[in-house]
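*Asks:* my questions are about this predicted structure, shown below with the sequence.
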Protein chains: 2
Amino acid sequence: MNRKHNKEDILRKGMALFRLNGYHKTGTNEIIHEAGISRGSFYNFFKDKDDFGVQVLDFYGIWSTDYMKTVLTDKALNPKQRLVHLFDIFVQGYKTENYKWGCLLVGMSQELGQVNPSFTEACHRNFEDFVAVFEPCVRAGQKEGGISKKQDSRTLTLAILAMYNGALVLMKSGMRHEPLAAFQEQLNLMLEP
Amino acid sequence: MNRKHNKEDILRKGMALFRLNGYHKTGTNEIIHEAGISRGSFYNFFKDKDDFGVQVLDFYGIWSTDYMKTVLTDKALNPKQRLVHLFDIFVQGYKTENYKWGCLLVGMSQELGQVNPSFTEACHRNFEDFVAVFEPCVRAGQKEGGISKKQDSRTLTLAILAMYNGALVLMKSGMRHEPLAAFQEQLNLMLEP
DNA sequence: TTTGAAACAAACAGATTGGTCTATTTAATT
DNA sequence: AATTAAATAGACCAATCTGTTTGTTTCAAA
């Protein structure tokens, strides 16, 4: 029953294009060409470009949270180590890509925040999923004693995610590695009990 | 010698539109209509849309840094108080606008980061200007003793700006006020000596 | 008052965009 | 083998977009 193409492949290509050039700058022609499909196929799989965009967002979100969950529940490390390790991996990834690609969720949330309610919901939903993956790890660290209890777990989680996202913004704005390093240094300080 | 229109007015209108709907979603027609000018005038003032975009960015940057400088050099407060006060003002501003408008620089840097070298440069330049306004205040606070010396002034400045920008990202992603509150709470903690 | 350059106005053009339509092929099911 | 629905292909269309052109008005300097 193998069809020539499947949705996942197309979503993956779209994800790469959106991550590199943004949503509006990427035309359906480019997506179609890159994915090696025809217009007919594209519009058979997706209602319209916005529908595709939302599905790309969710695809990215699910893929990300799944991965983060495996690292953040790794019993070989304590909660603080897991957090630090996860961000080490992320930073290394951006370095490998030469700091050219940002975070899809950050990018699209800014570009499409107010454009279409479906996007607003999708961004909100996915960021909240991120929080839902991080917070238990933060809370566990606070309970075990390796992570600061000066603020409640949700506040600290939001602050960490904010600082990380902001570091990615600065990174993509041409400051390259430095903001990421500053983030990592500060992360260590703010986790300290 | 007052002409009917001037560049500043058009830049201001464009700034509002870009801040609300993004660069690509805002057509030149919309800009022209909103500013109450004709195509001819627009292309008389600006080489093309990208040129206009860069000028909007710089206009926003200059306006912002000027304002921040006045608050961050207010001798009536100590450095830490100045920082906290400035962000209080910003947060209040976003609240007044119902969290619908993000930061132009954050938004455009994400949308246009890799699109056109002029944008890359403009974003980098303006963010670096922000750092240049914040860092002296942070350094002064470290010297006077009101602000943490656990990290050097540039690192702390970058971390603060990152966390602030990231909080704005989360805010615009539909989480509204909460990320800003988390940012402010965490800011207080990370400034502590 | 003449002149020339900048500012203004709006019709226009060329390219691109997202999306539709019709027709054909594929593959699973009966 | 026949049937059916999904998948594929690509020509096509209407709308929109940026940018140009042509011509008029303004205004300050000569």
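*Replies:* Thanks, I have the structure now. Numbering: from 1, shown residues only, chains lettered A, B, ... in the order given.
*Asks:* please make it C-alpha for all contacts and neighbour counts, starting now.
*Replies:* OK.
*Asks:* which SS state does residue A:95 fall under?
*Replies:* helix (DSSP: H, G, I helix; E, B strand; the rest coil).
*Asks:* I'd say it and residue A:177 touch.
*Replies:* Yes: counting by CA atoms under 8 Å, residue A:95 touches residue A:177, with 7.4 Å between them.
*Asks:* these two - which one has more neighbours?
*Replies:* residue A:177 (18 against 15; other CA atoms under 10 Å in any protein chain shown).
*Asks:* other residues contacting the host helix or strand of residue A:50?
*Replies:* Under the criterion of DSSP states H and E, residue A:50 resides in helix A:49-72. Helix A:49-72 has contacts (CA atoms under 8 Å, 6 or more residues apart in numbering or on different chains) with A:11-12, A:14-15, A:23, A:28, A:46, A:79, A:82-83, A:85-86, A:104-105, A:118-119, A:122-123, A:126, A:129-130, A:133-134, A:137.
*Asks:* wait, residue A:102 touches residue A:167, no?
*Replies:* No: using CA under 8 Å as the test, residue A:102 is too far from residue A:167 to be in contact (10.2 Å).
*Asks:* these two: who's more crowded?
*Replies:* The residue with more neighbours, out of residue A:102 and residue A:167, is residue A:167; 31 against 25, by other CA under 10 Å.
*Asks:* residues in contact with that one?
*Replies:* A:179-180, A:183, B:159, B:162-163, B:166.
*Asks:* same thing but at 6 Å, please
*Replies:* Counting by CA atoms under 6 Å, 6 or more residues apart in numbering or on different chains, residue A:167 touches A:179-180, B:162.
*Asks:* neighbouring contacts of the helix or strand hosting residue A:111?
*Replies:* For residue A:111, the element it lies in under DSSP H and E is helix A:104-112. Here helix A:104-112 makes contact (CA under 6 Å, 6+ apart) with A:19, A:123, B:22, B:107, B:110-111, B:173.
*Asks:* let's go with 7 Å and repeat that
*Replies:* A:19, A:23, A:57, A:119, A:123, A:165, B:22, B:107, B:110-111, B:169, B:173 (CA atoms under 7 Å, 6 or more residues apart in numbering or on different chains).
*Asks:* and the next helix or strand past it?
*Replies:* Following helix A:104-112 in sequence, per DSSP H and E, is helix A:117-144.
*Asks:* anything in that next one near chain B?
*Replies:* Yes: for helix A:117-144 and chain B, the contact criterion (CA under 7 Å from any CA of the partner chain) is met by A:120, A:123-124.
*Asks:* make a PyMOL selection of the buried ones in these.
*Replies:* Those of the residues of helix A:117-144 next to chain B that count as buried under 16 or more other CA atoms under 10 Å in any protein chain shown are selected in PyMOL with:
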select buried, chain A and resi 120+123+124
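*Asks:* what does chain A put close to DNA strand D?
*Replies:* When proximity is defined as CA under 7 Å from any atom of the strand, chain A approaches DNA strand D at A:3-6, A:36-41, A:44-45.
*Asks:* at 10 Å instead, please
*Replies:* Applying CA under 10 Å from any atom of the strand, we find that chain A lies next to DNA strand D at A:1-7, A:10, A:29, A:32-33, A:35-46.
*Asks:* which among these end up buried?
*Replies:* For the residues of chain A next to DNA strand D, buried by 16+ other CA under 10 Å: A:10, A:32, A:35, A:42.
*Asks:* chain neighbours aside, what residue packs nearest to the third one?
*Replies:* Leaving aside its sequence neighbours, residue A:35 sits nearest to residue A:10 (CA to CA, 6 or more residues apart in numbering or on different chains; 5.6 Å).
*Asks:* picking that back up, for DNA strand D, state which of the contacts of residue A:167 is nearest.
*Replies:* Comparing these against DNA strand D with CA to the nearest atom of the strand picks out residue B:162 as the nearest, at 30.2 Å.
*Asks:* contacting residues around the closest one?
*Replies:* With CA under 7 Å, 6+ apart, residue B:162 has these contacts: A:163, A:166-167, A:170.
*Asks:* pLDDT and distance to residue B:50 added to those, as CSV?
*Replies:* Below are the contacts of residue B:162 laid out as CSV (pLDDT from 0 to 100; distance: CA to CA, whole Å):
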residue, pLDDT, distance to residue B:50
A:163, 98, 30
A:166, 98, 25
A:167, 98, 26
A:170, 97, 21
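*Asks:* now these in a markdown table, with secondary structure and distance to DNA strand C?
*Replies:* Output for the contacts of residue B:162, formatted as a markdown table (DSSP: H, G, I helix; E, B strand; the rest coil; distance: CA to the nearest atom of the strand, whole Å):
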| residue | secondary structure | distance to DNA strand C |
| --- | --- | --- |
| A:163 | helix | 32 |
| A:166 | helix | 28 |
| A:167 | helix | 29 |
| A:170 | helix | 27 |
